[in-house]
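In: Whatever this is, show me its structure:
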Amino acid sequence: MKPNTIAVVALGVLGFEIFRNPPTTIAQSTIFNSNIPANISTRKIALSAGHWIYARSETGAPGEKEMNKLIVEALQPMLEETGWKVIRPDSPAMMKKWNVWEQYIADIPTLENQNYQVLEIHGQPGRWGTGVIGNPHDPFDHKLIKQFGILKADRGRYGVTRVGRNGTILEAFASDQLPSTAEGKQELAQQLARTITDALNEP
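Out: Below is the predicted model:
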């Protein structure tokens, strides 16, 4: 991304829009292009868990909101240990900057101008698939797409991807296929966090 935005998250509007018009998954082989530059221009990321920034009644699919947070909590230290500077727009301290979700969305270009790539983590029912809502021609998104595939969706319809130059949402898991125990959810969160970290750090 160039300063980028990933959104492994889309609060409120995203959940509503996906519920009305679930995106379809495009096979990784149809989107991967080895000619895209591998270098990411910045190792700064604004990382959020979906549906945690003033989401009001929009809590996503059943079990999704809590799983989003587990993944992000596992992902942040892994990224930091591999050289990424991570800020958390979904943290209470940063949320004081905004009174409503719409103000956060409007502030995303500012984060991009500071060279942060904005990433939101989400999940959705398995029948809708997992993958990236982002820009397949951007090196940052492309690394995630190579691992998770891409969701065929209009980026202009979702909050984070609409206002940012390269906002990204990662639908990382099937919300209706989660482990039944807290221990199982924690293990899955660690596995997904490691997969995301390895994808972003791939040469």
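
In: Residue 167: neighbouring residues, count only.
Out: 32 (other CB atoms under 10 Å). Just so you know, the C-beta spots here come from the backbone N, C-alpha and C atoms, and that holds for glycine as well.

In: is it true that it touches residue 111?
Out: No - using CB atoms under 8 Å as the test, residue 167 is too far from residue 111 to be in contact (9.9 Å).

In: And residue 107, how close does it get to residue 100?
Out: 11 Å (CB to CB, to the nearest Å).

In: now residue 168
Out: For residue 168 relative to residue 100 (CB to CB), the value is 22 Å.

In: Neighbour count for those two, which is higher?
Out: residue 168 (28 against 12).

In: Model confidence score at the more buried one, please.
Out: What the model reports as pLDDT for residue 168 is 88.

In: That one pairs with what?
Out: residue 119 (DSSP bridges).

In: Hmm, it is touching residue 118, no?
Out: Yes - counting by CB under 8 Å, residue 168 touches residue 118, with 7.2 Å between them.

In: what residue ranges in this protein are flagged as low confidence?
Out: 1-41, 55-57, 154-166 (pLDDT under 70).

In: mind listing the strands for it?
Out: Here the chain has its strands, by DSSP state E, at 24-26, 44-49, 85-87, 117-124, 131-133, 150-152, 168-174.

In: Now distance to residue 79 too, for the ones you listed, in JSON lines please.
Out: Formatted as JSON lines, the strands of the chain follow (distance: least, CB to CB, whole Å):
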{"stretch": "strand 24-26", "distance to residue 79": "25"}
{"stretch": "strand 44-49", "distance to residue 79": "7"}
{"stretch": "strand 85-87", "distance to residue 79": "5"}
{"stretch": "strand 117-124", "distance to residue 79": "10"}
{"stretch": "strand 131-133", "distance to residue 79": "17"}
{"stretch": "strand 150-152", "distance to residue 79": "22"}
{"stretch": "strand 168-174", "distance to residue 79": "13"}
